[in-house]
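Trainee: just a sequence and a predicted model for now, questions to come.
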Amino acid sequence: MCVREALSWVKNQGFHLVCFETDAKYVVDAIHWEQQDYSKYGSLIYECKSLLKNDVSFSIHFVRRQANEIAHTLAKLSCSLASPALWREPPIDVLNLLEDVCFEHQ
């Protein structure tokens, strides 16, 4: 559901050349699978495929959680929220990770 919401939001914002990364391997595999998904998540997967197909500048890739610590931290933070939120600035936990990553690459 998060992937579908992210795809919809990015499309509605008019962004292009967007690469989505997730540690949800099942979701990425299901989206890339050519066959129709008849599982309980099939309709969500179909919506994701449609959104990706309509904008060829979007791509989605699996990234192991260990290599995607910032996304994992955001996911954990979002689970603690009572309703959807849009951060205009990175939450402090993510900001600290971003600073660490940028410092490591200098």
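Mentor: Done, it's in.
Trainee: low-confidence stretches in this structure?
Mentor: Flagging of the chain using pLDDT under 70 yields the residue ranges 66-67, 101-106.
Trainee: now with 90, please.
Mentor: In the predicted model, the chain carries pLDDT under 90 at residues 1-24, 26-27, 30-106.
Trainee: quick one: the strands in it?
Mentor: Ranges of strands in the chain, per DSSP state E, are 18-22, 58-62.
Trainee: quick one: the helices in this protein, in order.
Mentor: According to DSSP state H, the chain carries its helices in the segments 2-13, 25-32, 42-54, 69-79, 92-104.
Trainee: output the contacting helices and strands for the fourth one.
Mentor: Helices and strands touching helix 69-79, by 3 or more C-beta pairs under 8 Å, 6 or more residues apart in numbering; DSSP states H and E, are helix 92-104. Where C-beta positions appear, they are placed from N, C-alpha and C, glycine not excepted.
Trainee: sorry, back to before: nearest to residue 92 among the strands of the chain would be which one?
Mentor: strand 18-22 (22.0 Å; C-beta to C-beta).
Trainee: good, we can wrap up now.
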